[in-house]
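**Student:** Next comes the sequence, and after it the predicted model I'd like to discuss.
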Amino acid sequence: MPEISRFYGIIIKMFYNDHTPPHFHAEYGGDSILVDLNNLQVIAGKLPTRATKLVLEWASEHQSELQQDWQLARDMKPLQPIDPLD
């Protein structure tokens, strides 16, 4: 699963040709969540509250880039890295 961003120990990944709804995976300290790209809601998993807030803040800043990477992944094309949270 390609890594598309990393910040504060959080790793953001996206699978090629993954199931719907469009989403990304966030991992931190051995835990993980799936975040829906359409509404930026956690749809599975659990992270510490602070890490979840950082992931959702980052996602709101990069939602269009995430949607572009989702389409690239569906088309089995290389994903584009996304800047980390500032």
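**Tutor:** It's in. Note that the structure is a prediction, hence the values are computed from the model and not measured. Numbers count the residues shown, from 1 in each chain.

**Student:** pLDDT below threshold where in the chain?
**Tutor:** 1 (pLDDT under 70).

**Student:** helix, strand or coil for the residue minimising distance to the centre of it?
**Tutor:** The centroid of the chain falls nearest to residue 24 when counting by CA atoms, centre = their mean (3.4 Å). Secondary structure assignment for residue 24 (DSSP: H, G, I helix; E, B strand; the rest coil): strand.

**Student:** Then residue 5?
**Tutor:** Strictly by three-state DSSP, residue 5 counts as strand.

**Student:** can you pull the contacts of the nearest residue to residue 7 once chain neighbours are set aside?
**Tutor:** Leaving aside its chain neighbours, residue 7 sits nearest to residue 84 (3.5 Å; criterion: CB to CB, 6 or more residues apart in numbering). Any C-beta I mention is one placed from the backbone N, CA and C, and that applies to glycine too. By CB atoms under 8 Å, 6 or more residues apart in numbering, the contact list for residue 84 reads 5-7, 58.

**Student:** Out of those, the closest to residue 15 would be?
**Tutor:** Nearest to residue 15, judged by CB to CB, of the contacts of residue 84 is residue 5 at 14.9 Å.

**Student:** Identify the bridge partners of the closest one.
**Tutor:** Beta-bridge pairing for residue 5 (DSSP bridges): residue 12.

**Student:** How many residues are close by it?
**Tutor:** Residues within reach of residue 5, counting by other CB atoms under 10 Å, total 23.

**Student:** my read: it touches residue 58, true?
**Tutor:** Yes. Between residue 5 and residue 58 there is a contact under CB atoms under 8 Å: 7.2 Å.

**Student:** what touches both of these two?
**Tutor:** Here residue 5 and residue 58 have 12, 84 as joint contacts, going by CB under 8 Å, 6+ apart.

**Student:** rewinding a little: could I get the phi/psi values of the residue lying closest to the residue nearest to the centre of the chain once chain neighbours are set aside?
**Tutor:** Leaving aside its sequence neighbours, residue 24 sits nearest to residue 14 (CB to CB, 6+ apart; 5.0 Å). Backbone torsions of residue 14, given as degrees, to the nearest 10, read phi -140, psi 130.

**Student:** can you pull out the helices in this protein?
**Tutor:** For the chain, the helices defined by DSSP state H occupy 49-61, 63-74.
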